[in-house]
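Novice: Provided below for reference: sequence and predicted model.
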Amino acid sequence: MKIYLDHIGIACENLEDSSGFWKLLGLIQGEDELVEDQGVTTRFFSTSDNDPKTPKIELLEPTSEDTPIGKFLSKKGPGVQQVCFRVENIVECIRILIDNGIKMIDEIPRKGAHGARIAFVHPKSTGGVLVELSQY
């Protein structure tokens, strides 16, 4: 099964305040998207607007303090929140991980940004890194 680095998610208090560096660096800003199920507004930055497989930076602004990103910010402050890998078949990938003793936060994919199906791997199984899996 093929796997690609999709994006690195960075929790921030405010999308506008956190975007300056990425714009200055020359990354191309995408459209903001409210993902109500997760209580977050996302903003993606890319090095290419022509290749959807190009890894991106995702800024994550919480809609309130009691959302996963809001709780992350109050506990750890702004910074890298997760690393996301795009997979060809998320259901099969989850099955393989579970069959090999990996602890999942999501055993069934749910809706993420841009209509992707996503699932999170528990940091206890990854050396402390929250890993997101996505399938478009």
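Specialist: Looks like it arrived, so ask away.
Novice: got a list of what the closest residue to Ile118 other than its chain neighbours touches?
Specialist: In space, and not counting its chain neighbours, Ile118 is closest to Gly112: 3.6 Å by Cβ to Cβ, 6 or more residues apart in numbering. Bear in mind the C-beta positions are built from the backbone N, C-alpha and C, glycine included. Gly112 is in contact with 35, 38, 118, 132, 134, counting by Cβ atoms under 8 Å, 6 or more residues apart in numbering.
Novice: and for Asn14?
Specialist: Each residue near Asn14 by Cβ under 8 Å, 6+ apart is listed here: Glu61.
Novice: any figure for the gap between it and Val40?
Specialist: Computed as Cβ to Cβ, to the nearest Å, the Asn14 to Val40 distance reads 13 Å.
Novice: pull up the overlap in contacts between these two.
Specialist: Glu61.
Novice: contacts only, for Ile96.
Specialist: Counted by Cβ under 8 Å, 6+ apart, Ile96 has contacts Met1.
Novice: that one belongs to a helix?
Specialist: Yes. Ile96: assigned to a helix according to DSSP: H, G, I helix; E, B strand; the rest coil.
Novice: need the per-residue pLDDT for it.
Specialist: On pLDDT, Ile96 comes in at 98.
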